[in-house]
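S.K.: Provided below for reference: sequence and predicted model.
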Amino acid sequence: MKRVLQFGIAALALSQVVANAGVGSVLVQNNNGGAIVPIFNSDGTTVLKGTDFKVGVYVYGGSMTTRDGIAVPSLGAQVGGFVSPAANNGRFTGGQQDVPGSLAGGTAQLVVIAWDTTKGAEFANSTAWGYSTVFASPALGGDVDNDPNTPAATAASMALNFKSFQLVPEPSTVALAALGLGGLLFISRRK
């Protein structure tokens, strides 16, 4: 009984330390200094630029799911709001944002999404969309010890481990390509 009570007190003390630790934060951006990690359109070469595109950062939901038959990471809580890539170079920035469910000084598993708003105003209904791979954000900034006399740790850029990705082709584009290929095969067999 004494061991159970000691364990309970230790667990309670640990939970208070964790509860008092600050929430971690990250710099939401796709550049590290002057180096930009671009997001590409479905052609794989054109960088997303301007207000026709939106980008969002999410905590990884811990599993994979499918969208339009493609395996994609599940999304947890959103980190900051949606931003558009700059019209001149495709750089996006949302500033320093809290990462829900994380601790200052820790790391977080993140996912970036992007979509073409001319193909659907929201990510869920856009026909031109894409997901990054899951990546670890380095040591998160924030108030590590909740001591008002200690300055908050600076957040690292998520671009340190973020990798480029591209939007998936619209279903109609894929269907047209398949139809064209099927037609060529049919014509070649007839000869």
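M.R.: Perfect, thanks for sending it.

S.K.: not including adjacent chain positions, what is the nearest residue to Pro38?
M.R.: Among residues not flanking Pro38 along the chain, Val47 sits closest, at 4.4 Å (C-beta to C-beta, 6 or more residues apart in numbering). For every residue, glycine as well, the C-beta is placed using N, CA and C.

S.K.: that neighbour: neighbour count?
M.R.: Val47 has 16 neighbours, counted by other C-beta atoms under 10 Å.

S.K.: now do the contacts for it.
M.R.: Pro38, Ile39, Phe40, Asn41, Pro85, Asn89, Gly90 (C-beta atoms under 8 Å, 6 or more residues apart in numbering).

S.K.: what about 7 Å?
M.R.: Pro38, Phe40, Gly90 (C-beta atoms under 7 Å, 6 or more residues apart in numbering).

S.K.: now these in a markdown table, with distance to Asp145, pLDDT and secondary structure?
M.R.: Below are those laid out as a markdown table (distance: C-beta to C-beta, whole Å; pLDDT from 0 to 100; DSSP: H, G, I helix; E, B strand; the rest coil):
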| residue | distance to Asp145 | pLDDT | secondary structure |
| --- | --- | --- | --- |
| Pro38 | 37 | 98 | coil |
| Phe40 | 41 | 98 | strand |
| Gly90 | 38 | 98 | coil |
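
S.K.: most neighbours of all those, which one?
M.R.: For the contacts of Val47, the largest number of neighbours (other C-beta under 10 Å) sits with Gly90, at 22 neighbours.

S.K.: mind listing what it touches?
M.R.: Shown in contact with Gly90 (C-beta under 7 Å, 6+ apart): Ile36, Pro38, Ile39, Val47, Leu48, Lys49.

S.K.: alright, that wraps it up for me.
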